[in-house]
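[1] Need coordinates for the below:
(one chain, ligands or ions: 1)
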Amino acid sequence: EHCKGINGLDKVILREVRGCSAEIYLYGGQVTSWKNEHREELLFVSSKAIFKPPKAIRGGITICFPQFGSGALDRHGFARNRFWSIDNDPPPFPTNTTNKAFIDLILKQSEEDAKIWPHRYEFRLRITLGPGGDLMLTSRIRNTNTDGKSFTFTFAYHTHLYVTDISEVRVEGLETLDYLDNLKDRERFTEQGDAITFESEVDKIYLSTPTKIAILDHERKRTFVLRKDGLPDAVVWNPWDKKAKAMPDFGDDDYMHMLCVEAACVEKPITLKPGEEWKGRQELSVVPSSYCSGQ
Ligand code: TA6
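    Presented below is the predicted three-dimensional model:
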């Protein structure tokens with residue numbers, strides 16, 4: 001279903017038979033809603049999010065490309081504040097779409113962007129809602145340069161999960177790993193042996209993580225399971241109270257109900273030669289907490 005969203009921006013709604021749904025804005029190629037069969041929202045979008053270019057939408061799943069974080073380009077790259085198109089005739093994807101609702105989006109170089117990132121590319125993004133409500137994002141990025149030049153990028157699915165109470169949340173699967181601390185100029189540390197809990201600002205890039213990460217929402221007795229492929233790193237972010245107040249498009253108390261866990265490729269950037277393609281996938285599902293513990 002293709003319709004108009006906030007401020008007349010185009011959006012697509014995917015629905016699944018039991019009532020699960022996902023909403024995607026063409027602006028940013030951004031998933032802004034993912035609901036379970038009880039119509040409960042599973043993604044966080046800030047109460048003060050600005051749905052207006054050139055500001056990126058604060059929440060949901062933000063595509064960070066071709067740069068994660070700060071660097072030569074604007075923070076998190078330009079894909080998050082560009083208008084994507086619906087790709088009606090994509091080349092075959094390896095993912096099985098039987099019984100699944102999905103949409104294919106595409107982003108290519110514009111004349112304007114050629115000035116800031118002089119590379120031709122095709123970025124195909126398939127967003128799939130599975131029969132159980134699982135939400136899968138598959139990105140395929142191809143170098144279509146005709147000048148023989150390679151290009152290099154970093155990437156993240158900047159995923160804002162809705163959590164009932166951040167102080168009751170635990171993340172499993174990242175313990176004992178090395179991470180770069182964004183709050184300390186990306187200095188490298190090693191995580192302690194316990195599941196990760198939250199009592200202050202966190203902004204870490206965990207390196208070479210397992211492909212499965214579990215985010216336990218104790219209050220609601222449910223667990224988000226994030227699976228990833230082609231994306232070795234995982235970013236974990238919560239701005240906490242002070243930084244929340246400093247962000248104009250983020251509610252003062254929003255940080256209590258949000259946790260970013262992001263499949264990413266940051267430490268070792270990806271280089272593509274002309275004609276080469278990269279693939280990166282993130283899959284989210286929700287299970288009752290008791291089912292997941294100990295797995
Ligand atoms: O993913 C974590 C992070 O890079 C943090 O450093 C952080 O401030 C956040 O993303 C949001 O960035 P933004 O540019 O959207 O304000």
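[2] Now find how far off-centre stretch 203-218 is within its chain.
    Counting by CA atoms, centre = their mean, to the nearest Å, stretch 203-218 is centred 13 Å from the centre of its parent chain.
[3] Equivalent analysis for stretch 242-260, please.
    18 Å.
[4] mind saving the C-alpha coords of it as CSV?
    Output of stretch 242-260 as CSV, limited to C-alpha atoms (Å, rounded to 0.1, in the frame of the first residue of the first chain):
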residue,chain,number,x,y,z
LYS,A,242,21.7,15.3,29.1
LYS,A,243,22.3,14.5,25.4
ALA,A,244,18.6,13.9,25.0
LYS,A,245,17.9,17.4,26.2
ALA,A,246,20.5,18.8,23.8
MET,A,247,18.8,17.2,20.7
PRO,A,248,16.0,19.5,19.4
ASP,A,249,14.2,16.6,17.7
PHE,A,250,14.4,14.2,20.7
GLY,A,251,12.0,14.4,23.7
ASP,A,252,13.6,14.9,27.1
ASP,A,253,12.3,11.6,28.4
ASP,A,254,12.5,9.7,25.1
TYR,A,255,15.8,8.1,26.1
MET,A,256,14.0,5.9,28.7
HIS,A,257,12.1,4.2,26.0
MET,A,258,14.7,3.7,23.3
LEU,A,259,17.7,1.6,22.6
CYS,A,260,19.7,1.6,19.4
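[5] For it, what does the pLDDT average out to?
    The average pLDDT within stretch 242-260 is 97.
[6] Quick check: buried residues in it?
    Using 16 or more other CB atoms under 10 Å as the test for burial, stretch 242-260 gives 244, 249, 250, 251, 254, 255, 256, 257, 258, 259, 260. C-beta coordinates here come from the backbone N, C-alpha and C atoms, glycine included.
[7] Next: stretch 272-284.
    Under the neighbour-count criterion of 16+ other CB under 10 Å, stretch 272-284 has 272, 274, 278, 279, 280, 281, 282, 283, 284 buried.
[8] Quick check, the first one in contact with residue 144.
    No. Checked against CB atoms under 8 Å, the pair residue 272 and residue 144 is beyond contact range at 9.8 Å.
[9] Within the helices and strands, which one has residue 115?
    Take DSSP states H and E as the rule and residue 115 turns out to sit in helix 111-116.
[10] what kind of secondary structure is whichever residue of the stretch 1-150 of the chain sits closest to the ligand in?
    Scanning the stretch 1-150 of the chain for the residue nearest the ligand gives residue 75, at 4.0 Å (criterion: CB to the nearest ligand atom). Classification of residue 75 using DSSP: H, G, I helix; E, B strand; the rest coil returns coil.
[11] Which residues are in contact with it?
    Contact partners of residue 75, counting by CB atoms under 8 Å, 6 or more residues apart in numbering, are 67, 69.
[12] Many thanks, we can stop here.
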